[in-house]
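this one's sequence-less:
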């Protein structure tokens, strides 16, 4: 066959016949040899080499894909810049495709015409694609007791498996081998960071979702505080709440504000402090701390009581010291005892 273009067209027809399972003959009625190579598996983004052996005296050769001609001998027919010729000699005809994508998957045919016969070699290229999470629930904020549904969808080839687990707090054990994670009547203990993993034979893709659970405040029991008159005293109130609680302080039914009568109120996260810089008689009594957020409130009572320090006179007299009147009585009682002892000694002499 003298005309290369005619031969290439005939090769394309032969390719179509091969796809339909029909026998193919050369122009000289010599039956062609049809060979099938093992599948070639390549990962997306990599380079694949397509090679076939020629042998004998080759007159024409071509690589085809989906009935389109990629190379006819040294002539490039493909307009794809990723396709190039690697080797063309009497023994080997090899082309390469760089940066392989899913569109490159399919059957490829190497057609070789010698003086005696036509030979076709087919190979199927399988493109593997790393998993990619394509749809993921956004960060979620719910109230305690609500039902929660998280979704994580992924693409890839082979089809990736999708799983869920909670990674913070680490003590929690909660997993799901599904793209859907259902949490009925969620509690505050299940708030945290949830991780979705999509995995196949190629790679792994991981993304996270933050799950926040709102709940009403709970307040720790207040600890009563004893302070000496004129000294500094601090009352503390601690609340657990999401969102964080706002604090209010009361004396009886009267609310106390920062700076009121020399009192300072300092809130820091879950803790509120009520500070008296110079405790007076009127400061002693019962105080109430109230923690409030949009879901509710809680309170606790704290007593500020007086602590009496020992006086200098009692410190000098020691642990057995008493008031002056008692001391005189004790001294008088001691003198009486001495007189009685002297009288007994005199009686014993007679």
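Noted; the coordinates are in hand. A quick note: this is a predicted structure, and the numbers were derived from the prediction, not measured.

skip the chain neighbours and tell me the closest residue to residue 218.
Counting by C-beta to C-beta, 6 or more residues apart in numbering, residue 240 is the residue found nearest to residue 218 once chain neighbours are left out, at 5.1 Å. Any C-beta I mention is one placed from the backbone N, CA and C, and that applies to glycine too.

quick one: residues contacting the one you found.
Applying C-beta atoms under 8 Å, 6 or more residues apart in numbering to residue 240 gives the contacts 217, 218, 219, 220, 270.

so residue 272 touches residue 265, yeah?
Yes: using C-beta atoms under 8 Å, residue 272 is in contact with residue 265, at 6.8 Å.

in terms of neighbours, single out the busier of these two.
For residue 272 versus residue 265, the count of surrounding residues by other C-beta atoms under 10 Å is larger for residue 272: 23 against 17.

I figured residue 84 was touching residue 99, is that so?
No: between residue 84 and residue 99 there is no contact under C-beta under 8 Å: 11.8 Å.

who touches residue 100 in this structure?
So residue 100 contacts 42, 43, 44, 45, 46, 47, 48, 125, 127 (C-beta under 8 Å, 6+ apart).

please enumerate the strands of the stretch 51-200 of the chain.
Under the criterion DSSP state E, counting those that start in this stretch, the stretch 51-200 of the chain contains strands at 58-65, 68-72, 75-76, 83-88, 92-97, 106-114, 118-136, 140-143, 148-157, 161-168, 175-176, 180-183, 192-199.

model confidence over the first one, on average?
Within the predicted structure, the mean pLDDT of strand 58-65 is 92.

list the buried residues for that strand?
58, 60, 61, 62, 63, 64, 65 (16 or more other C-beta atoms under 10 Å).

can you find the helix or strand of this structure with the lowest average pLDDT?
Of all helical and strand segments in the chain, the minimum by mean pLDDT, DSSP states H and E falls on helix 4-19, at a mean of 46.

re earlier: mind checking which of the contacts of residue 100 land in strands?
Judged by DSSP state E, the subset of the contacts of residue 100 located in strands is 42, 43, 48, 125, 127.

drop anything exposed from these.
Buried, going by 16+ other C-beta under 10 Å: 42, 48, 125, 127, out of these.

next, format those as CSV and append distance to residue 158 and pLDDT.
Shown next, in CSV, are those (distance: C-beta to C-beta, whole Å; pLDDT from 0 to 100):
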residue, distance to residue 158, pLDDT
42, 14, 96
48, 18, 97
125, 15, 96
127, 11, 96
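
these: which two are farthest apart?
Using C-beta to C-beta, those reach their maximum pairwise distance at 48 and 127, which is 8.6 Å.

and for these two, which residues touch both?
42, 100, 104.

check those against residue 132 and report the nearest one.
Distance to residue 132 across the shared contacts of residue 48 and residue 127 (C-beta to C-beta) is lowest for residue 100, with 16.3 Å.

on that earlier part again, quick check, nearest of the ones in strands among the contacts of residue 100 to residue 260?
Using C-beta to C-beta, residue 43 is the member of those that lies nearest residue 260, at 70.8 Å.

need the contact list for the residue lying closest to the closest one once chain neighbours are set aside.
Setting aside the residues directly before and after it, residue 43 is nearest to residue 128 in space (C-beta to C-beta, 6+ apart), at 4.9 Å. Applying C-beta under 8 Å, 6+ apart, we find residue 128 in contact with 41, 42, 43, 44, 157, 158, 200, 201, 202.

what's the farthest-apart pair in those?
Within the contacts of residue 128, 42 and 200 form the most distant pair, 14.7 Å apart (C-beta to C-beta).

narrow the contacts of residue 240 to those in helices?
Among the contacts of residue 240, no residue falls in helices (DSSP state H).

which one (most neighbours) among the residues you listed?
That'd be residue 217 among the contacts of residue 240, by other C-beta under 10 Å, with 23 neighbours.

go ahead and confirm it touches residue 289.
No: counting by C-beta under 8 Å, residue 217 stays clear of residue 289, with 10.6 Å between them.

show me where pLDDT drops low in the stretch 51-200 of the chain?
170-174 (pLDDT under 70).

residues making contact with stretch 280-296?
For stretch 280-296, with C-beta under 8 Å, 6+ apart as the criterion, the contacting residues are 143-144, 214-217, 219, 222, 229-230, 233, 235, 237, 239, 241-252, 256, 272, 274, 276, 297-306.
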